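**Student:** coordinates for the following, if possible.
(4 chains)
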Protein chains: 4
Amino acid sequence: MSSTTLLIQCADRPGLIYLITGIIYRHKLNIISNSEFVEHTLDYFFMRTEFSGTFDEGQFIEDLKTALPPDAQIRLSIPRKRNICILVTREYHCLSDLLLRHSFQELDANIRCVISNHQNLEDLTRKFDIPYHYVPHEQRTREDHEAELLQLIAPCQPEFLVLAKYMRILSPDFIHRFPNRIINIHHSFLPAFVGASPYAQAYERGVKIIGATAHFVNANLDEGPIIAQSVIPVAHTHHAKEMAQAGRDVEKIVLARSLKLVLSDRVFVYNNRTVIFD
Amino acid sequence: MSSTTLLIQCADRPGLIYLITGIIYRHKLNIISNSEFVEHTLDYFFMRTEFSGTFDEGQFIEDLKTALPPDAQIRLSIPRKRNICILVTREYHCLSDLLLRHSFQELDANIRCVISNHQNLEDLTRKFDIPYHYVPHEQRTREDHEAELLQLIAPCQPEFLVLAKYMRILSPDFIHRFPNRIINIHHSFLPAFVGASPYAQAYERGVKIIGATAHFVNANLDEGPIIAQSVIPVAHTHHAKEMAQAGRDVEKIVLARSLKLVLSDRVFVYNNRTVIFD
Amino acid sequence: MSSTTLLIQCADRPGLIYLITGIIYRHKLNIISNSEFVEHTLDYFFMRTEFSGTFDEGQFIEDLKTALPPDAQIRLSIPRKRNICILVTREYHCLSDLLLRHSFQELDANIRCVISNHQNLEDLTRKFDIPYHYVPHEQRTREDHEAELLQLIAPCQPEFLVLAKYMRILSPDFIHRFPNRIINIHHSFLPAFVGASPYAQAYERGVKIIGATAHFVNANLDEGPIIAQSVIPVAHTHHAKEMAQAGRDVEKIVLARSLKLVLSDRVFVYNNRTVIFD
Amino acid sequence: MSSTTLLIQCADRPGLIYLITGIIYRHKLNIISNSEFVEHTLDYFFMRTEFSGTFDEGQFIEDLKTALPPDAQIRLSIPRKRNICILVTREYHCLSDLLLRHSFQELDANIRCVISNHQNLEDLTRKFDIPYHYVPHEQRTREDHEAELLQLIAPCQPEFLVLAKYMRILSPDFIHRFPNRIINIHHSFLPAFVGASPYAQAYERGVKIIGATAHFVNANLDEGPIIAQSVIPVAHTHHAKEMAQAGRDVEKIVLARSLKLVLSDRVFVYNNRTVIFD
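**Tutor:** Numbers count the residues shown, from 1 in each chain, chains lettered A, B, ... in the order given. I've put the predicted structure just below:
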């Protein structure tokens, strides 16, 4: 049975759920699951509804627009494989985890290509019949490098870019082309240890727990809206290298989980935070 | 601002949310938070709505009854301190945790009394000005013992009984007087290690994680609907005694958490399972 | 720098550490790390020592044997890739996780072959240049089926067999050929939900946490010594299918972790329990 | 059976374990448990040995000093209740948790007094027959305030000061009097959210996990050696206030755990990090 997901966010006011479910009811649609949240500090309303049934999409959207406040953001999501592009540097664990899920139909996405500034993951990627683009960054400007990235990305028409341990900083200009559409995995429990070498920082500080954070990328590095985080305990026996090894398993699971949430339309973004209906 | 909680469970059918939120809207009530769940294997619907506003409670219930299917269970919960009675045996950690939360206004309940088959927790209980009843079980029948318990419990008019490490088995007859109103903390990750001495069993089996389970008590020991569970890692260095020590912190937190869920009307029970809107 | 690991287990008595480290010292070896544990209920001693330096292995063992009680089990482990064989049925996630770690040199093992009673994982396995043997079990006796397994396993000379979601029960006769050398991943938090369909059982029981257990296989199904366990929270929204999906990530991580512990000589077995120096 | 704990830390060199266990053996002492760790980046050695038996303590220490390098720090710890003083501000949960454990003989310490800059926890403290000193900080200098604290602390001869949610900053001069002897609970997963209002910061940042950190206090606020950390998940439904509520249970457990580690001589400090033999 195919289902449709309706996502609404707007200023809160009395009667919104009644209004929206009324329109769903009058279009003879059957709600499968429904979730709402009101951010009371901002009086802001979020609703996610999965429903089944056939309907006149144009009229449905029209009815919602007429009924809801003009600021309302309304999205209808028909189940489909979204296009994604994956950017990596040298580490295999996040990329391979996504390639495998993709290969076994567990990712609601088409991996259109993998792009890297190194060559070592090409063999792996090609095993799964995914195009791999090697775009070295040496001896060229960031502008030039990103221009080539964009040229390779454009024909893929990706809904999301996934930075699966891509270790280069993207320019604000690049990022602004994909607002809330770039997902990064950062190898620390943000906001602890922003920036480079978080495991070295974690060792230096002597923490007893390390973590990983999947987040949307915005102009300020490591400061975008957090989608998912997870942690594991470490001890004095872990040097930065052992922390990095232990951290990899957390990183790949957190990235895959966040991507699943995003691809199943469970993530709203507002005010640099996420609302997640899981 | 005072709020009211509406809890509905009934067979699912199209339009239920629309119907219910319509009645809420027409009574000019303002929804603060709303949660629904449909158990699709049973086509069964659950909804919890917190709303604010003044209203004619009789008419409101009447309107809901008229609109909803006859099997619908409708509960209106006005914020209030519920009466509870606590039963304990000899261990202090769960009882003291509840006494402290109660004393500092963190428990939406009045602890009307503590009843024990031992005397060692009397001093502690009296420090917090809570009546303590010592009801020894030696040299008497279970029937006789429980009759005395009931006599002490009756004037307290408790909505819930809390078994805060009460180590005696209650008779089915006793339990049937409080359907889904007795909350027990079991010192294992149920259904592992039902019955007596779960930590000894856990040591024997060589598990690497232990846990605690808060559940409603039904006639079959340790088999009632689970409200909350939590775990902690253990190692070969933990004997049953160290497991028990480590487990106590989990037990008291899980019991307090489950009680908070129950007292804030977030727990539905059906088919020996719970639906929890947290 | 290459290091050697010495593993000793024997009845406890005063002076054992002094005795053993004395022999290490006299052979001019340098201890890198040292761990001991005494199981006081049994007065049984475990010690694991990593040391560096060149030495006369025969004389070293001889000196240890002379000094230690006759029941002492002494193992010297020189770092090397151990041969392993992997048995699978239809699920890809545990197998692929091991294949990837193997491919990127993160597993101290040679995967000599993958054997399955189904064909669907052959493509995946061959991508990584590992032999795949399809051994169907239909219309033949268990005896006959296992005879073919053994014939395929024998030339690989595996130190360990890894059951990476192998869903068939092995006969006691088969198991006895590999004492404490078969590692299984069970998709529940043992001893909860032994046997088939643990996720269906977990849904039925309404648990709030699910888990996975890696253990050595002995004659009694699901009752061998536990190596590693891990858990994740679930909610009323998880049916058996969603539990299974969520559980897969735990299963693969727990299996990989347990294999890493075993391959780095950190696991002792005694009395159906493990002592793990992590 | 009474046991003694020997703690040694010194520059590493070959044969240390042999040397130390030899002295233990020659004094006819029986090792109950033994743990070592070498920090290889610094070539620094840590050893903790619990042993039983009667011995000439002066000669034993003398033998160790003669054998070990001159920089070696040698501590002998005879089991005893250590004196501690607790400083609090207004929150009850950490204090009450320690008072209860103390009252039921689960803390290897004598709580000599509780000192606060507020009065609201006096009733609670006195229930457990512990002296409570109210030392207001208003309209006086920090110097003056701390002088009064020190005057109250001095006669208690505490081995450790426990800051159980003491919300005032202590001067470097005060701190230097108790090197690695002040234990603080910080209500965040350090180094995330140093300073004031960590839960407000956590809400603002939109994190999905919050935590608590117990650490020794040194001159730089929130930057001392970490003893223990723990975390719990949060969601978009948690405002700073709900995070604070949820966080309290983590804070009290982490503080109690860290205190237990310290009081059982399991914590070494070096280079602003801890080595913990748990």
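**Student:** tell me which parts of chain A are close to chain D?
**Tutor:** When proximity is defined by Cβ under 8 Å from any Cβ of the partner chain, chain A lies next to chain D at A:37, A:39-41, A:189-193, A:205-209, A:211, A:225-231, A:235-237, A:239, A:272-276. C-betas here are computed from N, CA, C, even on glycine.
**Student:** buried subset of these?
**Tutor:** If you count burial by 16 or more other Cβ atoms under 10 Å in any protein chain shown, the buried members of the residues of chain A next to chain D come out as A:37, A:39, A:189-193, A:205-209, A:211, A:225-231, A:236, A:239, A:272-276.
**Student:** helix or strand: which one has residue A:80?
**Tutor:** Residue A:80 is part of no helix or strand when elements are defined by DSSP states H and E.
**Student:** could I get the contacting residues of it?
**Tutor:** The contact partners of residue A:80, taken as Cβ atoms under 8 Å, 6 or more residues apart in numbering or on different chains, are residue A:108.
**Student:** okay, residue A:1: pLDDT?
**Tutor:** Per-residue confidence for residue A:1 comes out at a pLDDT of 55.
**Student:** if you count contacts, what does the longest helix along chain A end up packed against?
**Tutor:** Residue-count comparison of every helix in chain A, with assignments taken from DSSP state H, identifies helix A:240-263 as the longest. Other elements packing on helix A:240-263 under the criterion 3 or more Cβ pairs under 8 Å, 6 or more residues apart in numbering or on different chains; DSSP states H and E are helix A:93-103, strand A:160-163, strand A:182-186, helix A:198-205, strand A:209-216, strand A:226-233, helix C:240-263.
**Student:** so what's the residue minimising distance to the centre of chain A bridging to?
**Tutor:** Closest residue to the average C-alpha location of chain A: residue A:183 at 4.1 Å, with Cα atoms, centre = their mean. When bridges are assigned using DSSP bridges, the partners listed for residue A:183 are residue A:162, residue A:216.
**Student:** that one against residue A:258, yeah?
**Tutor:** Yes - the pair residue A:183 and residue A:258 qualifies as a contact (Cβ atoms under 8 Å) at a distance of 6.1 Å.
**Student:** joint contacts of those two?
**Tutor:** Shared contacts of residue A:183 and residue A:258 (Cβ under 8 Å, 6+ apart): A:214, A:215, A:227.
**Student:** chain C contacts on chain A?
**Tutor:** By the criterion of Cβ under 8 Å from any Cβ, the positions of chain A lying close to chain C are A:92-93, A:96, A:100, A:103-104, A:106, A:124, A:127-128, A:245, A:249, A:253, A:256-257.
**Student:** quick check, nearest of those to chain B?
**Tutor:** Within the residues of chain A next to chain C, proximity to chain B (Cβ to the nearest Cβ) peaks at residue A:249, which comes in at 15.8 Å.
**Student:** wait, what's in contact with the closest residue to the closest one other than its chain neighbours?
**Tutor:** In space, not counting the residues next to it along the chain, residue A:249 is nearest to residue C:253; the distance is 5.0 Å by Cβ to Cβ, 6 or more residues apart in numbering or on different chains. Contact criterion Cβ under 8 Å, 6+ apart gives A:249, A:253, C:97, C:230 as the residues in contact with residue C:253.
**Student:** partners of the closest residue to chain D within the stretch 1-150 of chain A in the sheet?
**Tutor:** Here the residue of the stretch 1-150 of chain A nearest chain D is residue A:37; by Cβ to the nearest Cβ that distance is 6.5 Å. Bridge pairing for residue A:37 (DSSP bridges) gives the partners residue A:46.
**Student:** against residue D:200, how distant is it?
**Tutor:** When distance is defined by Cβ to Cβ, to the nearest Å, residue A:37 is 20 Å away from residue D:200.
**Student:** just residue A:102 next, same as before
**Tutor:** 40 Å.
**Student:** neighbour count winner among the two?
**Tutor:** Neighbour comparison, residue A:102 and residue D:200: the larger count goes to residue A:102, with 19 against 15 (by other Cβ atoms under 10 Å in any protein chain shown).
**Student:** my guess is the more buried one contacts residue A:109. True?
**Tutor:** Yes - taking contact to mean Cβ under 8 Å, the distance of 6.8 Å between residue A:102 and residue A:109 places them in contact.
**Student:** do a quick rundown of the strands in the stretch 1-150 of chain A.
**Tutor:** Using DSSP state E, counting those that start in this stretch, the strands of the stretch 1-150 of chain A run over residues A:3-11, A:30-39, A:44-52, A:73-77, A:82-88, A:109-116, A:132-134.
**Student:** what's the closest of those strands to residue D:16?
**Tutor:** Distances from residue D:16 to each of these were compared using Cβ to Cβ; the minimum, 45.0 Å, belongs to strand A:82-88.
**Student:** quick check: angle from that closest one to strand A:109-116?
**Tutor:** Direction vectors for strand A:82-88 and strand A:109-116, defined by axes from the mean of the first three to the mean of the last three Cα atoms, to 10 degrees, enclose an angle of 20 degrees.
**Student:** and strand A:82-88, which strands flank it?
**Tutor:** Sheet pairing of strand A:82-88 (DSSP bridges) gives strand A:109-116 (parallel), strand A:160-163 (parallel).
**Student:** pull the distance from stretch A:240-253 to the chain's centre.
**Tutor:** Put simply, stretch A:240-253 sits 20 Å off its chain's centre (Cα atoms, centre = their mean, to the nearest Å).
**Student:** can you check stretch A:228-238 too?
**Tutor:** 23 Å.
**Student:** contacts for it?
**Tutor:** Counting by Cβ under 8 Å, 6+ apart, stretch A:228-238 makes contact with A:189-190, A:202-203, A:206-214, A:242-243, A:246-247, A:249-250, A:253-254, A:257-258, A:261, B:233, D:37, D:39, D:207-209, D:231, D:273-276, all of which sit outside it.
**Student:** stretch A:110-119 now?
**Tutor:** Applying Cβ under 8 Å, 6+ apart, the set of residues contacting stretch A:110-119 from outside is A:81-90, A:95, A:98-99, A:102, A:121-122, A:125, A:130-137, A:145, A:149, A:152-153, A:156-158, A:166, A:168.
**Student:** what subset of those residues is buried?
**Tutor:** Among these, those that count as buried by neighbour count (16+ other Cβ under 10 Å) are A:82-89, A:95, A:98-99, A:102, A:121, A:125, A:130, A:132-133, A:135, A:137, A:145, A:149, A:153, A:156, A:158, A:166.
**Student:** ok so, going back, roughly how far apart are the residue nearest to residue A:249 and chain D?
**Tutor:** Residue C:253 sits 18 Å away from chain D, going by Cβ to the nearest Cβ, to the nearest Å.
**Student:** what residues does stretch A:129-139 touch?
**Tutor:** A:99, A:102, A:111-119, A:121-122, A:125-126, A:145, A:148-149, A:152, A:168.
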